[in-house]
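1. need coordinates for the following:
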Amino acid sequence: MNFLSYVQLTYSALPSLTDSKGSLVVVSSLLGRVPTSFSSRYSAAKFALDSFFSSLRRELDVQEVNVAITMCVLGLRDRASAAEGVRGITRVRAAPGPKAALAVIRGGATRASGVFYPWRFHLLCLLRSWMPHSRAWFVRQELNITTPAAA
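-> Just a heads-up that it's a prediction; the model follows:
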């Protein structure tokens, strides 16, 4: 994921979005909110994405600029490349792509600040701050680790 492209494209589009009172819909991942094992590089890029757009939302709000930013946090989707990338690592079942797409469209159309699909990921994100040890337990339950990592 090229984080800098998101930044450059956003700042290029911002004058038009400001004039039209437009919306930005950002599709991200649960791994941009809740760190997990074996995803450090991907998670770093997704955390950066979340931080950038959250900060931009605050800046626009302070300046009273009417541009909506919808951050869509999606879980594993039923794509062949995604399934292959996590085969043997997770027990999480992939969510249907069309249903995830519908959640993104609804969020953007209603100018929601955040969308979580499946919805239960919102609870997991809340646990991150409120009960970090419980969150770690939930994350470990989804891993399928049968052999120790090589030193």
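2. same question for the helix or strand that contains residue 41, mean pLDDT?
-> Assigned by DSSP states H and E, residue 41 belongs to helix 40-62. For helix 40-62, the mean pLDDT works out to 90.
3. list the buried residues in that helix.
-> By neighbour count, with 16 or more other CB atoms under 10 Å as the criterion, the buried positions of helix 40-62 are 43, 45, 46, 47, 48, 49, 50, 52, 53, 56, 57, 60. Yep, even glycine has a C-beta here, placed from its N, CA and C like the rest.
4. ok, stretch 29-43 next?
-> Judged by neighbour count (16+ other CB under 10 Å), stretch 29-43 contains these buried residues: 29, 30, 31, 32, 33, 34, 35, 36, 39, 43.
5. quick check, nearest of these to residue 11?
-> When the buried residues of stretch 29-43 are compared for distance to residue 11, the smallest value, 20.1 Å, is given by residue 32; criterion: CB to CB.
6. list the contacts for that closest one?
-> Contact partners of residue 32, counting by CB atoms under 8 Å, 6 or more residues apart in numbering, are 43, 45, 46, 47, 49, 50, 73.
7. can you show me the strands along the chain?
-> In chain order, the chain shows strands spanning 23-29, 68-74, 114-117, with DSSP state E as the criterion.
8. a markdown table for those, including mean pLDDT and distance to residue 107?
-> Formatted as a markdown table, the entries for those read as follows, by pLDDT from 0 to 100; distance: least, CB to CB, whole Å:
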| stretch | mean pLDDT | distance to residue 107 |
| --- | --- | --- |
| strand 23-29 | 92 | 7 |
| strand 68-74 | 92 | 5 |
| strand 114-117 | 88 | 3 |
